[in-house]
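K.L.:
My questions are about this predicted structure, shown below with the sequence.
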Amino acid sequence: MAAEEPTVVIRDLTVAFTGGARPIRAVNGVDLTLDRGETLAILGESGSGKSVTLRALLRLNPERRSVTTGTIRVGGRDVLALGARDLQAFRGRAVSMIFQEPALALDPVYTLGRQIAETIVKHEGCSTAEARRRALDLFQRVRIPSPERRLDNYPHEMSGGMRQRAMIALALACNPQVLLADEPTTALDATVQIQILLLIRELQRELGLAVIFVTHDIGVAVEVADRVAVMYGGRIIETGSIRDIIRAPRHPYTIGLLNSRAREGLPRGARLDAIAGSPPDLADLPPGCAFAPRCRLAVPACTAAQPEPVTVGAGHVVRCLRVEETALPAVPA
């Protein structure tokens, strides 16, 4: 009996933006899989290709100014082969997205209840009354207080945290298989951040969703993720369980990210270990490891060609020529 295909399969995905003098190679050969009920966090600095990868799953990158190649399969469907009508049905129904800033994603001239009900009517074909009833149920599920009254609020009448809850309700309106979350807590204060993260995790478990969560915050990844994929220069450079990534990181970049955050045991007033240098120019990527110019372990071979993936544990894969050295506790980040 053949094994069931993962809910999301991404193979050799590349995305290049072509509007300028030189193409911007934002995503370069990404391979990822995601099972039903699993949460994958994509971690990395700004400009590493996280959000572009996420948007490629919904084909939201501007098609006239970008070139996307590779394979994206969701629920067995080839996303890159979908026609315009099938793509409309796919968005929101098979894959839905929680955007970073709901004030920009929600339509300011319609009430929240109308926006959610309209989505349900479009995809489910039910009556407006039934769609509104389901919108109310969604508001209750995401714990918006006074949900009957809030349905008739406009986005500007809600706080940032309540808008984000409404955005989550909208994303869940048509029971998608896959939920994409693009740094959904960045603009929120710490207390509201935790509430939103716990809500997403609870809904993921309750509904059996496959979730891809993009973040640059390791603390957020710890709260929500089962597995982590670390991106740099448009490539996945390390993948593993959240436990492996936090306790036994093996790529120098991952180690640098972990060392650059405030953590338990760090003396009060101590300086954090920042990663020296700047992220690579995506219009002029080197032939070898993009992290090599910033890496304390780099040798000439690192700049010659892309390192092959090395399996260092169950489900723990690293792209680094110096992976044996990173296993030693004395090796600096």
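P.N.:
Sure thing, it's come through. Residues are numbered from 1 along each chain as shown.
K.L.:
give me the number of residues near residue 127?
P.N.:
Residue neighbour count, defined by other CB atoms under 10 Å, stands at 12 for residue 127. In short, each C-beta sits where N, CA and C put it, glycine included.
K.L.:
Spatially nearest residue to it, not counting backbone neighbours?
P.N.:
residue 121 (7.6 Å; CB to CB, 6 or more residues apart in numbering).
K.L.:
Touching, that neighbour and residue 128? I think so.
P.N.:
Yes: the pair residue 121 and residue 128 passes the contact test of CB atoms under 8 Å, sitting 6.2 Å apart.
K.L.:
out of the two, which sits in the busier spot?
P.N.:
Neighbour comparison, residue 121 and residue 128: the larger count goes to residue 121, with 16 against 12 (by other CB under 10 Å).
K.L.:
re earlier: with residue 129 as the reference, measure out to the residue nearest to residue 127.
P.N.:
Separation of residue 121 from residue 129 (CB to CB, to the nearest Å): 10 Å.
K.L.:
next one: residue 161
P.N.:
Distance, residue 161 to residue 129, using CB to CB: 29 Å.
K.L.:
Which one's more surrounded, the two?
P.N.:
Looking at residue 161 and residue 129 with other CB under 10 Å, you find the greater number of neighbours at residue 161, namely 19 against 9.
K.L.:
which secondary structure element contains that one?
P.N.:
Assigning secondary structure by DSSP states H and E places residue 161 in helix 160-171.
K.L.:
could you say what helices and strands that helix packs with?
P.N.:
Using 3 or more CB pairs under 8 Å, 6 or more residues apart in numbering; DSSP states H and E, the elements in contact with helix 160-171 are strand 95-98, helix 102-105, helix 112-124, helix 128-141, helix 190-207.
K.L.:
quick one: buried residues of the second one?
P.N.:
What that stands for is helix 102-105. 102, 105 (16 or more other CB atoms under 10 Å).
K.L.:
who does it touch, helix- and strand-wise?
P.N.:
For helix 102-105, the helices and strands in contact under the criterion 3+ CB pairs under 8 Å, 6+ apart are helix 160-171.
K.L.:
same check, this time on the last one
P.N.:
Contacting helix 190-207 under the criterion 3+ CB pairs under 8 Å, 6+ apart are the following elements: helix 160-171, strand 178-182, strand 210-215, helix 218-224.
K.L.:
I'd like to know which of those lies nearest to residue 90.
P.N.:
Checking the helices and strands packed on helix 190-207 against residue 90 by CB to CB gives strand 178-182 as the closest, at 10.4 Å.
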